[in-house]
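Novice: Attaching a predicted model along with its sequence, questions to come.
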Amino acid sequence: MPSAAVPSAAAPTGATGAATASGTPATGSAAALFIPPPESDMPNDAFGKIVREGEAIFLHTPEKAGKFVGNNLNCASCHLDAGRRPNSAPMWAAYVIYPAYRAKNGHVNTLAERLQGCFRFSMNGKAPAPDDPVLTALQTYLFWLASKAPTGVKLAGQGYPKLAPPAQKADYVRGSEVFGQYCATCHGAKGEGQKQGDHWVFPALWGPESYNWGAGMHQINNAAGFILDNMPLGQAGLLSAQQAWDVAYFMNAHERPQDPRYAESVAHTRERYHNEADSLYGLEIEGHVLGSDSPPAASRLKQQ
Ligand code: HEC
Ligand code: HEC
């Protein structure tokens, strides 16, 4: 375990690596930022082998853990710089706060259970068994990233930024303009992403290859925080908070795979799991009730 007695090293000014890889993250300036160990520190022993396996799964999830993945995303699609980047829900900050209570399922979750949820919702796939080598490798990678981090505390840069409510209510038309100007070149005019041969270069933002209606990213507040601090890729800070809210709304006002917890009807499922302002599931937007025409799961899972 990372020792609770060792305080996190203060980030040297101008430190390279995760903190500065793609722009300066908007953390409080006073808080020392934890810096995970560099790649070069990965040990060359049996432990290091599992750490590397975990990192490979994190970076190439459909290739390395295909039977649990139903879309074209990698863990690193939403947790940038291989899970190192502050304000991109970095893995070192997550490791030290689990087990934790989650309102989503109403009980204390182990880290393994948290990761199972990622496969079921964000990856639109199936949860690996708690002792599956995929979960063991991922947890080993997270453990290593958190080397020497203090445990049980919320580290600066944890999670995605929690934005203040937008000045103007998030808007579909304004969001579509932001999308066309800043996002479509990479993610495609219809949010479908871009492939080179069989290899995805830019992930889909909605449709059959995206995260499903149960994923955290479908909530507009999570998406707005992620987008403001991380997108457009390599140009974080370009959008205003209002633009981030608008484009997050637009992105999440499109169909995506069904919530795997779906029961009875869209209206019932909304009432049970989505009864909040940050979810558009079950609402009628632009003449369409979201969730009523969810595309079927991607082919990979059906081929099993
Ligand atoms: C579509 C984007 C997306 C993908 C892909 C994704 N995640 Fe996440 N992840 C999120 C969001 C959003 C949250 C936070 C919101 C929430 O609580 O649901 C989160 C939260 C987490 C957390 C908790 C972070 C914390 O600080 O509490 C962990 C751990 C995690 N994800 C691991 C993974 C792993 C491992 C994978 C790949 C198997 C993965 N995620 C894939 C979007 C994603
Ligand atoms: C220069 C190309 C580029 C631009 C422009 C860009 N993105 Fe991304 N985006 C990426 C890449 C690449 C990833 C995956 C990150 C990785 O693999 O490191 C990503 C990931 C994402 C994700 C999480 C993964 C997923 O597919 O759900 C979201 C959401 C997202 N981008 C939204 C946006 C929005 C909204 C905009 C416009 C404001 C935008 N992006 C502009 C390249 C881009």
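Specialist: Sure, I can see it. Ligands and ions are numbered 1, 2, ... in the order given.
Novice: Report the next helix or strand after the host helix or strand of E177 in sequence order.
Specialist: Using DSSP states H and E, E177 sits within helix 172-182. In the C-terminal direction, the helix or strand that comes right after helix 172-182 (DSSP H and E) is helix 184-187.
Novice: Flag every buried residue along stretch 228-243.
Specialist: Using 16 or more other CB atoms under 10 Å as the test for burial, stretch 228-243 gives 228-232, 236, 239, 241-243. Heads up, the C-betas are built off the backbone N, CA and C, glycines and all.
Novice: How about it and ligand 1, any contact?
Specialist: No: taking CB under 6 Å from any ligand atom as the criterion, stretch 228-243 and ligand 1 are apart, separated by no less than 10.9 Å.
Novice: now the end-to-end length of that stretch.
Specialist: 8 Å (CA to CA, to the nearest Å).
Novice: Do that stretch and ligand 2 come into contact?
Specialist: Yes: shown here: stretch 228-243 in contact with ligand 2 (CB under 6 Å from any ligand atom) through 231-234, 239.
Novice: Present those as CSV; the columns should include secondary structure and pLDDT.
Specialist: Listed next are the residues of stretch 228-243 next to ligand 2 as CSV, based on DSSP: H, G, I helix; E, B strand; the rest coil; pLDDT from 0 to 100:
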residue, secondary structure, pLDDT
M231, coil, 98
P232, coil, 98
L233, coil, 97
G234, coil, 95
L239, coil, 98
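Novice: and of those residues, the nearest to E53?
Specialist: The nearest member of the residues of stretch 228-243 next to ligand 2 to E53, counting by CB to CB, is L233 at 26.2 Å.
Novice: So which bits of the protein are right by ligand 2?
Specialist: Checking the chain against ligand 2 by CB under 6 Å from any ligand atom, the hits are 73, 76-78, 80, 182-183, 185-187, 202-205, 211, 217, 223, 227, 231-234, 239, 247, 251.
Novice: Could you list the domains of the protein?
Specialist: For the chain, automatic domain parsing gives the domain ranges 37-145, 172-302.
Novice: distance between the longest one and the chain's centre?
Specialist: Domain 172-302 sits 12 Å away from the centroid of its parent chain (CA atoms, centre = their mean, to the nearest Å).
Novice: now the first one
Specialist: Centre-to-centre, domain 37-145 and its host chain are 11 Å apart (CA atoms, centre = their mean).
Novice: Now the stretch 101-250 of the chain against ligand 1: closest residue?
Specialist: Residue nearest to ligand 1 within the stretch 101-250 of the chain (CB to the nearest ligand atom): G216, separated by 2.4 Å.
Novice: re earlier: which of the residues of the chain next to ligand 2 count as buried?
Specialist: 73, 76-78, 80, 182-183, 186-187, 202-205, 211, 217, 223, 227, 231-232, 239, 247, 251.
Novice: Spatially, which two of the residues of stretch 228-243 next to ligand 2 are the most separated?
Specialist: G234 and L239 (13.1 Å).
Novice: Write out the residues of the stretch 201-304 of the chain neighbouring ligand 1.
Specialist: Going by CB under 6 Å from any ligand atom, the residues of the stretch 201-304 of the chain near ligand 1 are 211, 215-217, 222.
Novice: May I see those residues organised as JSON lines, with secondary structure, distance to Y98 and pLDDT added?
Specialist: What follows is these, written out as JSON lines (DSSP: H, G, I helix; E, B strand; the rest coil; distance: CB to CB, whole Å; pLDDT from 0 to 100):
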{"residue": "Y211", "secondary structure": "coil", "distance to Y98": "21", "pLDDT": "98"}
{"residue": "A215", "secondary structure": "coil", "distance to Y98": "18", "pLDDT": "98"}
{"residue": "G216", "secondary structure": "helix", "distance to Y98": "15", "pLDDT": "98"}
{"residue": "M217", "secondary structure": "helix", "distance to Y98": "19", "pLDDT": "98"}
{"residue": "N222", "secondary structure": "helix", "distance to Y98": "18", "pLDDT": "98"}
